[in-house]
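Novice: sequence? don't have it. structure:
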């Protein structure tokens, strides 16, 4: 009997410890400073799951022109000036949020245009100059924080 009682106590103690650890971790997450890139990646993942993104200039311009776009992500290392001017003009005209990231290869990986090996490392990444989010999917804390950051005039990456 005492052995069963002791095992029962250790199980409760473990459960109590896990609950207190999760509460501590949640508080630490709230206190950490906001990471724009990590939040943007999470928002893109949710949008991909809900089939809410379009990639490429032609489809993104159509989405921007139809006013279906909520967020536009543009790679800043694109060499064609007319490309960036068109996207920026459409975003200004339709009052769509425009986020610029450093590399098109990085944006391609975030947009799901990469192949991964068994270890989870990206092997073949296709470049992507522009991504438009039409549907965010589920509302998340990252989405709220990201929108709040950009509405307050937060700097783009």
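Specialist: Okay, I see it. Keep in mind that what you see is a predicted model, and the values were worked out from it rather than measured.
Novice: Which residue ranges of the chain form helices?
Specialist: 2-31, 36-49, 57-65, 81-94, 104-110, 141-151 (DSSP state H).
Novice: Could I get the average pLDDT for the longest one?
Specialist: Predicted confidence along helix 2-31 averages 43 (mean pLDDT).
Novice: Same question for the shortest one.
Specialist: This predicted structure assigns helix 104-110 an average pLDDT of 86.
Novice: What of the last one?
Specialist: Across helix 141-151, pLDDT averages out at 83.
Novice: for it, packing partners?
Specialist: helix 36-49, strand 97-101 (3 or more C-beta pairs under 8 Å, 6 or more residues apart in numbering; DSSP states H and E). Glycine gets a C-beta too; all of them are placed from N, C-alpha and C.
Novice: how about CSV for these, with mean pLDDT and distance to residue 140 added?
Specialist: CSV is the format used below for the helices and strands packed on helix 141-151 (pLDDT from 0 to 100; distance: least, C-beta to C-beta, whole Å):
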stretch, mean pLDDT, distance to residue 140
helix 36-49, 87, 6
strand 97-101, 87, 16
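Novice: Out of these, which gets nearest to residue 119?
Specialist: With respect to residue 119, and counting by C-beta to C-beta, the nearest of those is helix 36-49 at 19.2 Å.
Novice: Specify the angle between that closest one and strand 97-101 in degrees.
Specialist: 110 degrees (axes from the mean of the first three to the mean of the last three C-alpha atoms, to 10 degrees).
Novice: what does helix 36-49 rub up against?
Specialist: 52-53, 71, 73, 99, 101, 110-112, 131, 133-138, 140, 142-143, 145-146, 149, 154, 157 (C-beta atoms under 8 Å, 6 or more residues apart in numbering).
Novice: list the buried ones in that helix?
Specialist: Across helix 36-49, burial judged by 16 or more other C-beta atoms under 10 Å covers 36, 39-40, 42-48.
Novice: now, among the residues you listed, which is nearest to residue 64?
Specialist: Out of these, the member with the shortest distance to residue 64 (by C-beta to C-beta) is residue 47, at 15.6 Å.
Novice: Which residue comes closest to residue 78 once chain neighbours are left out?
Specialist: residue 129 (5.0 Å; C-beta to C-beta, 6 or more residues apart in numbering).
Novice: Give me the phi and psi for the one you found.
Specialist: Phi and psi for residue 129, reported as degrees, to the nearest 10, are phi -80, psi -30.
Novice: Right, I'll call it a day here.
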